[in-house]
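K.L.:
here's a sequence, model it:
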Amino acid sequence: MPSTKFITKSPNDHRQYQFIQLDNEIRVLLVEDMQATQAAASMVVNVGHFDDPVSRPGMAHFLEHMLFLGTKKYPDSGEYHQFINQHGGSNNAWTGTEQTNFFFSVDSEVFEESLDRFSQFFVAPSFNLELVDRERHAIESEFSLKLKDDIRRIYQVQKETVSPKHPFCKFSVGNLETLFGPEQQLRDELIEFYQQHYSANLMTLCLVAPQPLARLLQLAQTYFNGVKNRQLTKQYPDTPIYGAEQLKQQINIVPLKEQRRVAITFTLPAIEQFYKRKPLTFISHLLGYEGEGSLLSYLKHRGLASNLSAGGGVNGYNFKDYNISVQLTEKGLNQLDDIIQAAFEYLKLIKTQGLEQWRYQERANLLKLAFKYQEQIKPLDLASHLSINMHHYDLNDVIYGDYRMDGLDISQTMELLNLMTPDNMRIQLVSPGLDTEKQAAWYHSPYQVKEIDESRLTKWVNPSIREELTLPEANPFIIEDSIARNDKSKHPVPTVVSQESGYRIWHRKDDEFNVPKGHMYLSLDSQQAALTPRHAALTRLYVEMLLDYLIECTYPAEVAGLSYNIYPHQGGITLHLTGFTGKQEALLSLLINKARERNFTADRFKQIKRQILRNWYNQSRAKPISQLFTSLTVTLQKRSYEPLRLAEELEDLTLDDLHDHVRNFYEKIHLEGLVYGDWLTKEAQALGKRLDHILSLVSSPSAESERELINLNNLGTLVREVLVEHQDSSIIVYYQSAEATPLKMALFSLLNHTMSSTFFHELRTKRQLGYMVGTGYLPLNRYPGMIFYIQSPTAGPLQLLEAIDEFIADFNYAVMQITNEQWEQTKQGLINQIMEHDPNLKTRGQRYWSSIGNKDYEFNQRELVVDEIAQLTRSDLIKFMMQKMRTKHCDRLVLFTTGEQHRNQDRLPSDNMITDLRSFKQQATKFNY
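P.N.:
Here you go, the predicted model:
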């Protein structure tokens, strides 16, 4: 039996690994993680929608759904979901082209009981006849949810334009039309599909837990040896994804959202064979470069494009699409052929000058460092990732395979570059207003396929390289190696190390994760940031202009593993900088110096403004439930505004307006910062002084910006309709706490934890009201709250609200039925979830920064909440529900959209309707913090 030494792992990885193959040929990776508080399991079956019968598109996906709904040993359809949820866990599954992945995480104390339930999916599922019709309606809801999703609509066109002999052409999701027929017949076909495709020898399993390897081995053998081995082999047709007639084509697609992009696609062989040297990673590293002289830089300077990525595209058992994807401007759309020619010129540049060992080594070195200081991830993510990798890499490389770059093989790389030719290409153009003559099945996307003229192809065959295109220089930010300093932290949580009027810097030296990395958060609060919709629009414009202006000079740092983000919020803007500490200060200096220059040009202003407007206008085409989530914060936070309202303001703004706003923004600033990781106290103090000095040159100190939240106390049930063009209706019901205390946080989070799986089971699984159904604990501006949400193709808003109210009214009885033992387990599950161990530097840094934002300056809020949860009784929860949710007229906010097919149904009563949001927000009383 292979042991740990066969699996290459990071020197920074404390876990122990062991591979086994069970008697039935399931390949299992056992992971002992004594630092984890949760356990996780993931099963990958080498079956996907490529295996769907031609007469039953969506069968693999339907089977994935049905396996959750009861087994012979555990027949109750909601039992598995409820058990996992009760014990602080989560579970899900997905169906891909060639694989289906089932996974869960749970409190480690009940890992065995969970595996007993989970393993039965693959040993003895019940395929309950009574649930067949219900679950195909769930598939229909999932299909309906994405009908207006451009990603799905474009994907379907791609399926229709590949070779009809290749399984990629199959419709993958399924719906009522493909899963039609008598339930008994569909069940028989489902069982037949399961028996023909699900076999132990096609499965990989990963178990991660804070338990010894010997114990995990015992669990794997006990619960998974019973999975039947049908000795199946995979036999996908050996036909290319594109025949000669599908190449040298341009496919025009009209999207629903405002977007313009082109994908230049080259068809390549399957890529798994290349993983040890990663030649495509190297090609993409050069082609996707964004610094000076790059393809993107050239296109941006000419006003033709706003973004570019290289290397994406579908891949599978015998194919890989290699895409050069470009986001176009209107000017770029009209000069498409020149953009494509420039791409071929850059490819020629790589072929003739780019295949040099030092360039390859730069990329390889980054992966070497990333592996050496690999940061741990949550058990659930690890289990899922490794169970998938077992299908793609040699066993010893299941961890290392993602990072491995063994050296530049010039002939192998040239072989792939030689396939990136006009003769081996397809062009996919997505834009409004294109000529089309067909509609894709299922999603009705308008498209057109036409052959690319020989004259265009000839022009691209051997172009001369224009002088503006150059390969990157050696990267000054790349470091050979870095070592974390072993100084111990003097404090268990961050402390203030530098403070004056108008600024405060928190710091903690990490002494647990042992990586030479740091996280720096700097929040600049300004009263001018979001005072009105105009101010908020200008702040967003400033941030986007700044990011655009910085990209060329900071891209080498990004490539070298130093990343940053700048984002606007209710009170101002935040800079988050992360990466190897050795070069972080150099990047920060560069960012500050460039930010102070602010050499914004009229051309870039015009382009960025258009981009933001397009994004804001496109939000009106997002899923109804997504639009309601946006509207919830907009309705309740004084300084949050609807995207369309912001767009209205942005339309008329000029470059001079932006410069005035930036000047006013910096007049009075409050700086709050956190420096966490491999930073010493004296370094954080020096940084604080430097930042204070820089700010003193441009601004005077200020207090923090107010972040006001609408107080719903004594307002009864408020109703607001959001107008959305979509066939589905949707609803959010939000309950707000009047106090931001640990007790109220405990009550709201425990209520959500106790309710969530039952709500999902009753309204989604049983009543089939929709695919997007759930509850959530939702604190806003520190005040706890809870939401119920549904997006439904079958019911209108009134029906949805009645269903939610009925569920809430009945839930008191459900709480009364819970035994003492179940109650304690439920509370413990939530406590374990809240107190879950931070797996890495990033997660802990985020938690510290959230605590500072929530004014939790002792960094102990979660401990206080957990103490309250431990003391709560069932009668406390029932009493709380009776007070908070006692009637249909209690204090709450109901947001809804009415689906096109529900407009003739009875409407929601509107005696307390918000019709003028602006005046409502001005007049309402507010919480401050």
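
K.L.:
secondary structure element for the most far-flung residue of the chain relative to its centre, which one?
P.N.:
Of all residues in the chain, Ser455 sits farthest from the chain's C-alpha centroid, using CA atoms, centre = their mean; the distance is 42.4 Å. Taking DSSP states H and E as the definition, one finds Ser455 inside helix 454-461.

K.L.:
ok, back up a step: quick one: residues contacting the residue farthest from the centre of the chain.
P.N.:
By CB atoms under 8 Å, 6 or more residues apart in numbering, no residues touch Ser455. Backbone N, C-alpha and C define where each C-beta goes, glycine included.

K.L.:
any idea how far it is from Asp810?
P.N.:
When distance is defined by CB to CB, to the nearest Å, Ser455 is 71 Å away from Asp810.

K.L.:
kindly report the same for Asn713.
P.N.:
26 Å.

K.L.:
check Asp603 too.
P.N.:
61 Å.

K.L.:
now do Thr578
P.N.:
Thr578 sits 47 Å away from Asp810 when distances are taken as CB to CB.

K.L.:
equivalent analysis for Ile478, please.
P.N.:
Counting by CB to CB, the gap between Ile478 and Asp810 amounts to 61 Å.

K.L.:
would you mark the buried spots in stretch 166-182?
P.N.:
By neighbour count on 16 or more other CB atoms under 10 Å, the buried set for stretch 166-182 is 166-168, 170-175, 178-179.

K.L.:
about what we covered before: average pLDDT across the helix holding Ser455?
P.N.:
This predicted structure assigns helix 454-461 an average pLDDT of 96.

K.L.:
and the next helix or strand after it, what does it pack onto?
P.N.:
As assigned by DSSP H and E, the chain's next helix or strand after helix 454-461 is strand 495-500. Contacts defined by 3 or more CB pairs under 8 Å, 6 or more residues apart in numbering; DSSP states H and E place strand 495-500 against strand 503-509, helix 681-698.

K.L.:
closest one to Glu473 among those?
P.N.:
Distances from Glu473 to each of those were compared using CB to CB; the shortest belongs to helix 681-698, at 28.2 Å.

K.L.:
C-alpha coordinates for that closest one, PDB please?
P.N.:
Output in PDB follows, covering the C-alpha atoms of helix 681-698 (Å, rounded to 0.1, in the frame of the first residue of the first chain):
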ATOM      1  CA  THR A 681       6.000  45.900  14.400                       C
ATOM      2  CA  LYS A 682       8.700  48.500  13.600                       C
ATOM      3  CA  GLU A 683       8.000  48.100   9.800                       C
ATOM      4  CA  ALA A 684       4.300  48.600  10.400                       C
ATOM      5  CA  GLN A 685       5.000  51.700  12.500                       C
ATOM      6  CA  ALA A 686       7.400  53.200   9.900                       C
ATOM      7  CA  LEU A 687       4.700  52.500   7.200                       C
ATOM      8  CA  GLY A 688       2.100  54.300   9.300                       C
ATOM      9  CA  LYS A 689       4.400  57.400   9.600                       C
ATOM     10  CA  ARG A 690       5.100  57.400   5.800                       C
ATOM     11  CA  LEU A 691       1.400  57.200   5.000                       C
ATOM     12  CA  ASP A 692       0.600  59.900   7.500                       C
ATOM     13  CA  HIS A 693       3.200  62.200   5.800                       C
ATOM     14  CA  ILE A 694       1.900  61.500   2.300                       C
ATOM     15  CA  LEU A 695      -1.700  62.200   3.400                       C
ATOM     16  CA  SER A 696      -0.600  65.400   5.200                       C
ATOM     17  CA  LEU A 697       0.600  66.800   1.800                       C
ATOM     18  CA  VAL A 698      -2.900  66.500   0.200                       C
END
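
K.L.:
average pLDDT across it?
P.N.:
Per-residue scores along helix 681-698 average to 85.

K.L.:
over to stretch 493-506?
P.N.:
Here the mean pLDDT over stretch 493-506 is 93, rounded to a whole number.

K.L.:
buried sites along that stretch?
P.N.:
Under the neighbour-count criterion of 16+ other CB under 10 Å, stretch 493-506 has 494, 497-498, 502-506 buried.

K.L.:
other residues contacting that stretch?
P.N.:
Here stretch 493-506 makes contact (CB under 8 Å, 6+ apart) with 507-508, 669-676, 681, 684-685, 687-689, 691-692, 695, 700-702, 848, 852, 858-860.

K.L.:
spatially central residue for the protein, please.
P.N.:
Against the mean C-alpha coordinate of the chain, by CA atoms, centre = their mean, the closest residue is Asp381 at 12.7 Å.

K.L.:
let's verify that residue: helix, strand, or coil?
P.N.:
helix (DSSP: H, G, I helix; E, B strand; the rest coil).

K.L.:
ok, now Leu30?
P.N.:
Using three-state DSSP, the three-state assignment for Leu30 comes out as strand.

K.L.:
mind giving me the packing neighbours of the helix or strand of the chain with the lowest mean pLDDT?
P.N.:
For the chain, scoring each helix and strand by mean pLDDT, DSSP states H and E identifies strand 700-701 as the least confident one, at a mean of 79. The elements that strand 700-701 packs onto, with contact taken as 3+ CB pairs under 8 Å, 6+ apart, are strand 668-677.

K.L.:
buried subset of the contacts of stretch 493-506?
P.N.:
If you count burial by 16+ other CB under 10 Å, the buried members of these come out as 507-508, 669-676, 681, 684, 687-688, 691-692, 695, 702, 848, 852, 859.

K.L.:
list of residues touching whatever helix or strand Tyr360 lives in?
P.N.:
In the assignment (DSSP H and E), Tyr360 maps to helix 357-372. Outside of helix 357-372, the residues that reach it under the criterion CB under 8 Å, 6+ apart are 10-12, 281-282, 285-286, 400, 403-405, 407-408, 471-472, 474-475, 478-482, 559-561, 580.

K.L.:
OK, contacts around Lys450?
P.N.:
Contacts were defined as CB under 8 Å, 6+ apart; by that measure Lys450 touches 249-250, 252.

K.L.:
on that earlier part again, with distance to Phe68 added, can I get the helices and strands packed on strand 495-500 in TSV?
P.N.:
Written out in TSV, the entries for these read as follows (distance: least, CB to CB, whole Å):
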stretch	distance to Phe68
strand 503-509	42
helix 681-698	49
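
K.L.:
among these, single out whichever gets nearest to Leu417.
P.N.:
Leu417 sits nearest to helix 681-698 of all the helices and strands packed on strand 495-500, at 44.6 Å, using CB to CB.

K.L.:
got the phi/psi numbers for Gly716?
P.N.:
Comment: the main-chain dihedrals of Gly716 come out as phi 70, psi -160, following degrees, to the nearest 10.

K.L.:
quick one, what contacts it?
P.N.:
Counting by CB under 8 Å, 6+ apart, Gly716 makes contact with 889-891, 912.

K.L.:
narrow those to those that are buried.
P.N.:
The neighbour count (16+ other CB under 10 Å) marks Asp891 as buried among these.

K.L.:
could the contacts of Gly716 go into JSON lines alongside distance to Arg261, secondary structure and pLDDT?
P.N.:
Putting the contacts of Gly716 into JSON lines (distance: CB to CB, whole Å; DSSP: H, G, I helix; E, B strand; the rest coil; pLDDT from 0 to 100) gives the following:
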{"residue": "His889", "distance to Arg261": "49", "secondary structure": "coil", "pLDDT": "80"}
{"residue": "Cys890", "distance to Arg261": "48", "secondary structure": "coil", "pLDDT": "91"}
{"residue": "Asp891", "distance to Arg261": "46", "secondary structure": "coil", "pLDDT": "94"}
{"residue": "Asn912", "distance to Arg261": "44", "secondary structure": "coil", "pLDDT": "90"}
